[in-house]
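# need a structure here:
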Amino acid sequence: MLNSVFLKTLRDRRRGFIYWALGLVAFIAMEVAVYPTVRDNPEFKKLSENYPDAVKSFFGFGGQFDITSGAGFLGIEAFSMIVPLILIFCTVAAGASARGVARAEGRACRAPPRRRSRSLRRQPCRR
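Now for the predicted structure:
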């Protein structure tokens, strides 16, 4: 038995975790493969300068990120929206799966059943 719930969960879901990690690495590799096209095209720099300030601040370019730099391109393309959404989806799917597995195995946390008549006869809380 593992001492940590986190380690037990990783052990139980290691195959899915590996597939999600490989998919994320493949996505980032695809973005890196596209980067030379953006780096060598000066029109992207002009395009990003013409965006409204609200759009620039939402995606993070104009300030510390430059779309023609490697870190700026990955920050804008991947890490500003796509990767957080993928991680949120992965977390929700893992939580739903954990609840479903626990319920199927009969170890879901439930309150013991109570009779309705007993609940109705109960005295209200006194102050």
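
# give the buried residues for the longest helix seen in the chain.
Longest helix of the chain, by residue count under DSSP state H: helix 14-39. By neighbour count on 16 or more other Cβ atoms under 10 Å, the buried set for helix 14-39 is 20, 24, 28, 31, 35, 38. For every residue, glycine as well, the C-beta is placed using N, CA and C.

# from what I can see the second one touches residue 85, true?
It refers to residue 24. No - with contacts counted by Cβ atoms under 8 Å, residue 24 stays clear of residue 85, the gap being 11.5 Å.

# not counting sequence-adjacent ones, nearest residue to residue 73?
Among residues not flanking residue 73 along the chain, residue 35 sits closest, at 5.2 Å (Cβ to Cβ, 6 or more residues apart in numbering).

# for the longest helix of the chain, what is the average pLDDT?
Averaging pLDDT along helix 14-39 yields 89.

# make a markdown table from the buried residues of helix 14-39 and add distance to residue 47 to it.
Formatted as a markdown table, the buried residues of helix 14-39 follow (distance: Cβ to Cβ, whole Å):
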| residue | distance to residue 47 |
| --- | --- |
| 20 | 33 |
| 24 | 27 |
| 28 | 23 |
| 31 | 18 |
| 35 | 16 |
| 38 | 10 |
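
# what is the most widely separated pair among those residues?
20 and 38 (26.6 Å; Cβ to Cβ).

# by mean pLDDT, which helix or strand of this protein comes out lowest?
The weakest-scoring helix or strand in the chain, judged by mean pLDDT, DSSP states H and E, is helix 116-121 (a mean of 64).
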